[in-house]
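Q: Sharing a model that was predicted from the sequence below.
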Amino acid sequence: MDTTGTKGGYTGEKGEPREEQTVGPRIVNVSASRNFSFFVYQAKKFFKVAEEKPVVEMHAIGSAISIAVQAADSLVKHNYAKYTEIRTDQVEVERENGVKLNKAKLFITLERAEGFEAAYEEFEKKREEQEAYRAQEAHE
């Protein structure tokens with residue numbers, strides 16, 4: 001198996017090791033069924049393991065567009081990423097009943113910000129402090 005551009009990831013559903021992408025643009029298909037913070041987490045995870053020119057491209061259709069915008073905005077606001085391109089296109093989507101519809105699709109391209117490592121470390125430190133506080137609260 002060719003593992004160029006990948007690192008070992010967490011175990012998949014059937015117990016096999018899952019490879020994690022570490023090169024090339026990472027496409028994140030945003031859906032309306034998840035909170036924007038899930039997509040922020042995915043982007044941060046890729047930025048952390050990416051080996052060269054880390055780029056995340058978020059794709060969203062319909063009601064997922066606002067979630068993609070929230071996720072991208074959060075990444076930029078907290079200095080994890082910077083915008084490189086925002087564009088729209090019209091795509092044809094086929095419904096279960098066979099009816100084809102034209103829908104707007106949003107593409108947001110982000111690259112890792114220069115301050116990513118510092119922002120990431122600060123977030124991890126705060127998260128560890130909160131976990132320690134919660135553990136202390138639980139023992140009282």
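A: Received the coordinates, thanks.
Q: Would you map the strands across this structure?
A: For the chain, the strands defined by DSSP state E cover 6-11, 17-21, 26-29, 55-61, 81-94, 100-112.
Q: Can you tell me which helices and strands the fourth one packs against?
A: Spelled out, that is strand 55-61. On a contact count with 3 or more C-beta pairs under 8 Å, 6 or more residues apart in numbering; DSSP states H and E, strand 55-61 meets strand 26-29, helix 36-49, helix 64-77, strand 81-94, strand 100-112. Just so you know, the C-beta spots here come from the backbone N, C-alpha and C atoms, and that holds for glycine as well.
Q: Dump those to a markdown table, plus distance to residue 132.
A: As requested, the helices and strands packed on strand 55-61 are exported to a markdown table (distance: least, C-beta to C-beta, whole Å):
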| stretch | distance to residue 132 |
| --- | --- |
| strand 26-29 | 31 |
| helix 36-49 | 21 |
| helix 64-77 | 25 |
| strand 81-94 | 28 |
| strand 100-112 | 29 |
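Q: With respect to residue 123, which of the ones you listed lies nearest?
A: For the helices and strands packed on strand 55-61, the distance to residue 123 is smallest for helix 36-49, at 8.2 Å, taking C-beta to C-beta.
Q: which residues does the nearest residue to residue 74 once chain neighbours are set aside contact?
A: Closest residue to residue 74 apart from its sequence neighbours, by C-beta to C-beta, 6 or more residues apart in numbering: residue 40 at 5.2 Å. Contact partners of residue 40, counting by C-beta atoms under 8 Å, 6 or more residues apart in numbering, are 71, 74, 75, 80.
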